[in-house]
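Engineer: quick one: sequence plus predicted model below, questions after.
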Amino acid sequence: MCWRRSRGLPPRFTAALKHHEVENLHNFTFYKSVPQFYDDGLDEPNNILQFILEWKERQQRKEADSLDVLVIDTLHTASVSADENSAQDMGMVLKACRLANEQLGCAIILVHHTNKGGLQKEGAAHSVVLWIL
């Protein structure tokens with residue numbers, strides 16, 4: 001499962017599958033909207049709790065298997081109103097990650113881009129920091 005703002009990633013995967021003669025990636029899904037891992041008290045309609053409940057419902061209906069890995073690309077888009085420099089805000093994000101891990105039984109990979117100088121800056125694709133939980 002992968003979230004990505006870019007519309008270009010799914011076609012890239014399709015091309016790679018064709019190139020490597022892979023017919024299907026079972027249980028691999030792209031979503032256009034990233035669930036929010038930070039609760040600022042505004043009752044986000046697209047939060048991680050909602051995603052967990054919806055995924056479990058899909059499993060009960062036999063529309064999805066259990067998850068092995070949940071990739072969130074990027075941390076910034078999954079914590080829109082959080083301050084990345086605040087230990088308290090990032091603690092809430094990590095708490096939500098642990099909840100998803102416990103409820104879904106999968107690893108969580110948070111992708112965070114940095115700029116060329118290694119400074120944290122969203123959108124710079126020069127290097128990537130992965131937080132794996």
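Structural biologist: Here it is on my side, so go on.
Engineer: shouldn't residue 80 be in contact with residue 37?
Structural biologist: No. Judged on Cβ atoms under 8 Å, residue 80 makes no contact with residue 37 at a distance of 9.7 Å. Bear in mind the C-beta positions are built from the backbone N, C-alpha and C, glycine included.
Engineer: and the two? Which one has more around it.
Structural biologist: Shown here are residue 80 and residue 37; by other Cβ atoms under 10 Å, residue 37 has more neighbours (27 against 12).
Engineer: could I get the pLDDT score of the nearest residue to the more buried one once chain neighbours are set aside?
Structural biologist: Leaving aside its sequence neighbours, residue 37 sits nearest to residue 96 (Cβ to Cβ, 6 or more residues apart in numbering; 4.1 Å). pLDDT recorded at residue 96 is 91.
Engineer: name the helix or strand for residue 96, please.
Structural biologist: For residue 96, the element it lies in under DSSP states H and E is helix 87-104.
Engineer: next helix or strand past that helix?
Structural biologist: Helices and strands here follow DSSP H and E; after helix 87-104, the next one along the chain is strand 107-114.
Engineer: what about the most centrally placed residue in the chain, which SS state?
Structural biologist: For the chain, the residue sitting closest to the mean C-alpha position, by Cα atoms, centre = their mean, is residue 72 at 1.8 Å. Here residue 72 is strand, with the state taken from DSSP: H, G, I helix; E, B strand; the rest coil.
Engineer: beta partners for it?
Structural biologist: Residue 72 has the following beta-bridge partners by DSSP bridges: residue 3, residue 110.
Engineer: residue 109 versus that one, what's the distance?
Structural biologist: From residue 72 across to residue 109, the span is 7 Å (Cβ to Cβ, to the nearest Å).
Engineer: and if you look at residue 22?
Structural biologist: Using Cβ to Cβ, we find residue 22 at a distance of 21 Å from residue 109.
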